[in-house]
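**Student:** sequence unknown, structure follows:
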């Protein structure tokens with residue numbers, strides 16, 4: 001039976017993402033989760049870093065109603081050139097994105113925000129991901145699996161699309177949805193160390 005983190009303060013993950021839940025569990029934390037419904041539109045002249053920071057903080061602040069609860073917000077964006085690639089609207093949109101990523105290196109930006117009372121901490125982790133060259137049939141077959149439909153950039157690295165990745169420089173867990181190192185450090189700063197951090 002695994003050890004658990006001390007129960008106070010409690011931890012709330014402001015997300016319903018099964019991938020983020022799995023990653024936070026991997027660190028040994030006991031927590032509750034609740035998704036945040038916010039406007040995810042990109043502001044005019046907003047950079048990708050500014051966007052993911054704002055999204056993570058807003059997601060956390062929506063749930064930050066109890067000063068004894070540490071709230072975690074996170075956001076992941078796929079960036080190719082100057083364009084933030086969100087979730088695809090349809091097959092044509094997914095095909096456009098995957099064609100942009102095909103044979104190229106793009107960036108995955110994941111922000112982690114931790115809020116306790118009036119104290120807000122946020123970090124952004126950037127990872128370079130390189131794709132092999134994709135054929136039209138590979139893109140179509142991948143779309144038909146259903147995996148790209150709810151994924152930023154139209155792919156999930158932890159799923160079928162892992163076979164498209166030829167190189168990754170940075171944090172794999174951040175690409176999946178939650179940077180483990182930064183998450184553990186920020187939670188420890190707010191009074192929630194992992195089991196191995198406890199003295």
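**Tutor:** Received the coordinates, thanks. This one's a predicted model, so the numbers in the text were calculated from it and none came from an experiment.
**Student:** Might you list the low-confidence residue ranges for this structure?
**Tutor:** Flagging of the chain using pLDDT under 70 yields the residue ranges 1-8.
**Student:** Quick one: the strands in it, in order.
**Tutor:** Counting by DSSP state E, the chain has strands at residues 10-13, 32-33, 69-80, 83-85, 105-116, 119-131, 165-169.
**Student:** What angle do strand 119-131 and the third one make with each other?
**Tutor:** Calculated by axes from the mean of the first three to the mean of the last three CA atoms, to 10 degrees, strand 69-80 forms an angle of 30 degrees with strand 119-131.
**Student:** same for strand 69-80, what does it pack against?
**Tutor:** The contact analysis (3 or more CB pairs under 8 Å, 6 or more residues apart in numbering; DSSP states H and E) places strand 69-80 against strand 10-13, helix 48-63, strand 83-85, helix 91-101, strand 105-116, helix 180-189. C-beta here means a position set from N, CA and C on the backbone, and glycine is covered the same way.
**Student:** Neighbouring strands - and their directions - for that strand?
**Tutor:** Neighbouring strands of strand 69-80 in its sheet, by DSSP bridges, are strand 10-13 (parallel), strand 83-85 (antiparallel), strand 105-116 (antiparallel).
**Student:** Mean neighbour count, the helices and strands packed on strand 69-80: which tops it?
**Tutor:** strand 105-116 (a mean of 24; mean count of other CB atoms under 10 Å).
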